[in-house]
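1. sharing a model that was predicted from the sequence below.
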Amino acid sequence: MLVRGSNFTNTPILSLQAGGPIAWVGDPVVDPDSLKIIAFSTTGPLVNKAPANILDVNSIREYSQYGFVIDSIDELVERDDVVKISKVMDLNFFLPGLKVESKKGSKMGKITDFTVTDNDFMVQQLIVKRPVIKSFIDPELTIPRKEIVEVTDYKVIVKDEEKTILEKAKNEDFVPNFVNPFRKKPEPDYAPAQNQNPDEQDN
């Protein structure tokens, strides 16, 4: 299932050991190399003053409408405990706010949000607010992951122009709503009863 990154903010973090919420989700930590959320900052009375206030996504047992489920508060780590997380956080990288351009230099707008798959937290789409002149027709442009060719500190570069991306999106969303007359009808699950031999009916 696809989830908007902004929807994770203030999501409860539920501890199986405590039997309830122990913290709430803050900002996602996105690795610019893989475009994946690798951790979340957390907030709440139990963690605001504690050094261990980073939630590694590998510690998440489940994500549901109720929040993130983890074993216990001991799953939260300090920033420097996990080298990968620490290095990415040092980059101070945030997807929202980055400019989006095509390889030809066409300016498409700025990222306002993104979507991820809830099982692996990989970024799948960029939600882009279009420039004022173009926003009258389509205020937002959704760019799929496969269009991204480069990510820098200041912008994301995609391979196609926005017109091509919009056309591709329409084609991918198209679902035929007609019955194909050339499709074979499914065979019945059972064989019709065979007529008995007239000679056997007298027996």
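-> Sure thing, it's come through. Numbers count the residues shown, from 1 in each chain.
2. so what sits opposite the residue nearest in space to the middle of the chain in the bridge?
-> Centroid-nearest residue in the chain: residue 116, 1.3 Å away (criterion: CA atoms, centre = their mean). With DSSP bridges as the criterion, residue 116 is bridged to residue 3, residue 123.
3. mind listing what it touches?
-> 2-3, 5, 36-37, 122-124 (CB atoms under 8 Å, 6 or more residues apart in numbering). Any C-beta I mention is one placed from the backbone N, CA and C, and that applies to glycine too.
4. at 7 Å what do you get?
-> For residue 116, the contact set (CB atoms under 7 Å, 6 or more residues apart in numbering) comprises 3, 5, 37, 122-124.
5. quick check: it vs residue 127, distance?
-> Distance of residue 116 to residue 127, given as CB to CB, to the nearest Å: 12 Å.
6. kindly report the same for residue 73.
-> Taking CB to CB, one finds residue 73 at 33 Å from residue 127.
7. so what sits opposite the nearest residue to residue 38 once chain neighbours are set aside in the bridge?
-> The shortest distance from residue 38 to any non-neighbouring residue, by CB to CB, 6 or more residues apart in numbering, is to residue 31 (5.1 Å). Per DSSP bridges, the residues bridged to residue 31 are residue 36.
8. what distance do you get for residue 31 to residue 64?
-> Distance from residue 31 to residue 64, by CB to CB: 24 Å.
9. which residue ranges form the strands in this protein?
-> Ranges of strands in the chain, per DSSP state E, are 2-4, 12-15, 20-31, 36-43, 52-56, 62-64, 67-70, 77-78, 99-102, 107-117, 123-129, 140-144, 148-151, 155-158.
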